[in-house]
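A.B. asks: sequence first, predicted coordinates after that:
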Amino acid sequence: MNDDQFLLANAYLDGELTNDERRIAEADPAVMAEVESLRDLQALVGDVPEPEPEAREAAIDAAMAEFARRDVAMTTMTTMTTMTTMTTTDATAATSVRPANRSFSSRYLAIAAAVVAIGLLGVIVANVGSQGDDDSAADVADSDFPESVTDEAQPTEATADAADDAVDAGDAAATAVAEEMSDEMSLEMASDMSSDMSAELADTAQDTSSNATTVMTAEPTGDIDPAYDTAQIGDRRPAIDVEAPITGDLQLGAFGTYLLEEQFAGRLPATPNTRCPPELNILDEKDIVLNGTDTDVYIAVQEIEQRVLAVDRQTCSPVVDGPLFTPDAP
Amino acid sequence: MRTYDRTDDELVTAAQQGDAAAMDQLLRRHYDRVHAVCRRIAGGTRDADDAAQEAMIRVVRNIDRFDGRSAFGTWVYRIATNTALDELRKRKRRPQLHVIGTDDDADGGHREPADEFAHRNVEAVADRLSIDAALAELPDEFKAAVVMRDVGDLDYAEIAAVVDIPIGTVKSRIARGRRILMDQLGNRETTSERPTDNPPTEP
């Protein structure tokens, strides 16, 4: 049996042949004999022991616990978005038109800013832009916060709960930030921050909605350190300065390998929360020198393909890649 | 229950809107095959359990990013494959402890728990151990392709999308992977007509 026959037998088994190809296969006894052998093998590979019911329930429980946390975060994000919209409008008006609202607004804005901070720390930014910036505060209040916002005497339990949920959903750092902001932030700081964050979020959303298509395809062309120069070190894994910008593909590969090692050792901090597909396996953010310009990218590791990718942060498209080296033992 | 009648797409939409019952249903619907993929790629039962659980968590974390361009199952098995490969790599890097004086198992150093059905079908268990051992020796890229086809039941186009390689490469990897497995399992005739020196090349 030659290679073509073997490929034909495999494709026949998998139902991947055209009618003509199938007829050719069926007319060849050697191919059909090979198909039977392959069928036995396929059955053997597919004969997988059933998972233990306990393992199944444990896995689903763990995933559903994650879903519950995500749900809280989503609710908080929706709340945050609406509050941010309101806050922007309110903050502008409050300084000149409605100083009487300051007492309420101070706490309200502090909570809103805290929630915004948590949101920026990694919940979900992508959908923020779709929330209407043109809605009036009253409209938003009527539709989303009929109880809390119209009662200016004090924030209601619902508002406080939303902030608490956000704090619960965040990590320790986020919690610290939120508490500090809630306790200490003045009206002016909160107003400024809320406005800045709103603008930032709006920019991000605009980028998303405009479906930015900038795809960089050039190789990094920064000054390549001799330590990373392929011409000088071949395909050996170079030593890297993890703090330094990446200037070459081997350095990129070495950095990705380093991240993988850190992940295996349990030392890698939380991976960036991005809008990119999870299968990219993004592990970190990094500067690379692309066409002589510092560019912020995500670093993704493709273990199947043994590649490390620098991924454009707006489009999630690979910009350049390098080889994934064999990670060192921990 | 109505959720049993809903399609994956309907359940995904509901889950993306926060419907916990829909999410739970999706996970239950796909868990066994996810576990099977993990079992075949990662090897041991315990590693498969870990990988399958991690895959389930990743599915939940990323459910909002699923945009329906592929079938939900394809997307899930892609996550499962990557998660299982992560688990496999972790295991390769863990120090392996072997009990001296006992037979080494054929599962990459991981001992299987006692199979409660072993007395019923010793031969089947032996086959499983053999295929586990053979799969353990298979290069990851071949193993992923074969497992996605024979366990995940993905077609070539879906596997190509999962691994982001041309369909021709999928075809080649599956063929080469199966050839290696057959050689290792001793199922192939050792005749001169077998072109082991010239396996199909990847396009």
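C.D. replies: Everything's here; your move.
A.B. asks: three-state assignment of the closest residue to residue A:249 other than its chain neighbours?
C.D. replies: Excluding its sequence neighbours, the residue lying closest to residue A:249 (Cβ to Cβ, 6 or more residues apart in numbering or on different chains) is residue A:322, at 3.8 Å. C-beta: built from backbone N, CA, C; applies to glycine. Classification of residue A:322 into helix, strand or coil gives strand, according to DSSP: H, G, I helix; E, B strand; the rest coil.
A.B. asks: measure residue A:322 to residue A:302 for me?
C.D. replies: When Cβ to Cβ, to the nearest Å is the yardstick, residue A:322 and residue A:302 sit 11 Å from each other.
A.B. asks: now for the closest residue to chain B within the stretch 151-300 of chain A: which residues touch it?
C.D. replies: Shortest the stretch 151-300 of chain A-to-chain B distance, computed as Cβ to the nearest Cβ: residue-wise this is residue A:278, at 4.2 Å. With contacts defined as Cβ atoms under 8 Å, 6 or more residues apart in numbering or on different chains, residue A:278 is in contact with B:58, B:61, B:62, B:65, B:79.
A.B. asks: tell me which of residue A:322 and residue A:302 has more neighbours.
C.D. replies: Ranked by neighbour count (other Cβ atoms under 10 Å in any protein chain shown), residue A:322 and residue A:302 place residue A:322 first, with 23 against 19.
A.B. asks: for residue A:254, see how far away the more buried one is.
C.D. replies: Distance, residue A:322 to residue A:254, by Cβ to Cβ: 8 Å.
A.B. asks: centroid-nearest residue for chain B?
C.D. replies: Within chain B, the residue whose C-alpha comes closest to the C-alpha centroid is residue B:37; the distance, by Cα atoms, centre = their mean, is 2.3 Å.
A.B. asks: so residue A:280 sits against residue A:311, correct?
C.D. replies: Yes. The pair residue A:280 and residue A:311 passes the contact test of Cβ atoms under 8 Å, sitting 6.2 Å apart.
A.B. asks: so how far is stretch B:52-66 from its chain's centroid?
C.D. replies: On the basis of Cα atoms, centre = their mean, to the nearest Å, stretch B:52-66 sits 16 Å off its chain's mean C-alpha point.
A.B. asks: one step back: so which of the contacts of residue A:278 belong to helices?
C.D. replies: Among the contacts of residue A:278, the members found in helices (DSSP state H) are B:58, B:61, B:79.
A.B. asks: could you identify which of those has the most neighbours?
C.D. replies: Ranked by the number of neighbours (other Cβ under 10 Å), those place residue B:79 first, at 25 neighbours.
A.B. asks: my read is that residue A:317 contacts residue A:311, right?
C.D. replies: Yes. Applying Cβ under 8 Å, one finds residue A:317 in contact with residue A:311, separated by 6.9 Å.
A.B. asks: okay, these two: which has more neighbours?
C.D. replies: A direct count of neighbours by other Cβ under 10 Å for residue A:317 and residue A:311 places residue A:311 higher, at 22 against 15.
A.B. asks: for the nearest residue to the more buried one once chain neighbours are set aside, list the residues it contacts.
C.D. replies: Nearest non-adjacent residue to residue A:311, counting by Cβ to Cβ, 6+ apart: residue A:298, 4.2 Å away. Residue A:298 sits next to A:272, A:274, A:276, A:280, A:282, A:284-286, A:310-313, A:316 when contact means Cβ under 8 Å, 6+ apart.
A.B. asks: neighbour-wise, give me the winner out of those residues.
C.D. replies: Ranked by neighbour count under the definition other Cβ under 10 Å, those are headed by residue A:310 with 27 neighbours.
A.B. asks: re the thing from before, which one of the ones in helices among the contacts of residue A:278 is nearest to residue A:35?
C.D. replies: For residue A:35, the closest of the ones in helices among the contacts of residue A:278 turns out to be residue B:79, at 31.6 Å, with distances computed as Cβ to Cβ.
A.B. asks: separation between the closest one and residue A:302?
C.D. replies: Counting by Cβ to Cβ, the gap from residue B:79 to residue A:302 is 14 Å.
A.B. asks: please apply the same query to residue A:272.
C.D. replies: Residue A:272 sits at a distance of 16 Å from residue A:302 (criterion: Cβ to Cβ).
A.B. asks: residues shared between the contacts of residue A:280 and residue A:311?
C.D. replies: Where contact means Cβ under 8 Å, 6+ apart, the residues bridging residue A:280 and residue A:311 through contact with each are A:298, A:300.
A.B. asks: circling back to that earlier point, which strand residues bridge the residue nearest to residue A:249?
C.D. replies: Applying DSSP bridges to residue A:322 gives these bridge partners: residue A:308.
A.B. asks: for stretch B:166-180, which positions count as buried?
C.D. replies: Neighbour-count burial for stretch B:166-180, counted by 16 or more other Cβ atoms under 10 Å in any protein chain shown, picks out B:167, B:169-180.
A.B. asks: in TSV: these, plus distance to chain A.
C.D. replies: Rendered in TSV, the data for the buried residues of stretch B:166-180 read as follows (distance: Cβ to the nearest Cβ, whole Å):
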residue	distance to chain A
B:167	9
B:169	11
B:170	9
B:171	6
B:172	7
B:173	10
B:174	6
B:175	4
B:176	9
B:177	9
B:178	6
B:179	7
B:180	11
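A.B. asks: all helices of chain B, in order?
C.D. replies: In order along the chain, chain B carries the following helices (DSSP H): B:8-16, B:20-42, B:45-61, B:72-93, B:122-137, B:140-150, B:156-163, B:167-185.
A.B. asks: direction included, what does the host helix or strand of the residue nearest to residue A:311 pair up with?
C.D. replies: In this assignment (DSSP states H and E), residue A:298 forms part of strand A:293-302. Looking at strand A:293-302 with DSSP bridges, its partner strands are strand A:282-290 (antiparallel), strand A:307-312 (antiparallel).
A.B. asks: what does the first one rub up against?
C.D. replies: With Cβ under 8 Å, 6+ apart as the contact definition, strand A:282-290 has outside contacts at A:216, A:218, A:220-223, A:245-247, A:252, A:255-256, A:259-260, A:263, A:268, A:271-272, A:274, A:276, A:294-301, A:310-311, A:313, A:319-320.
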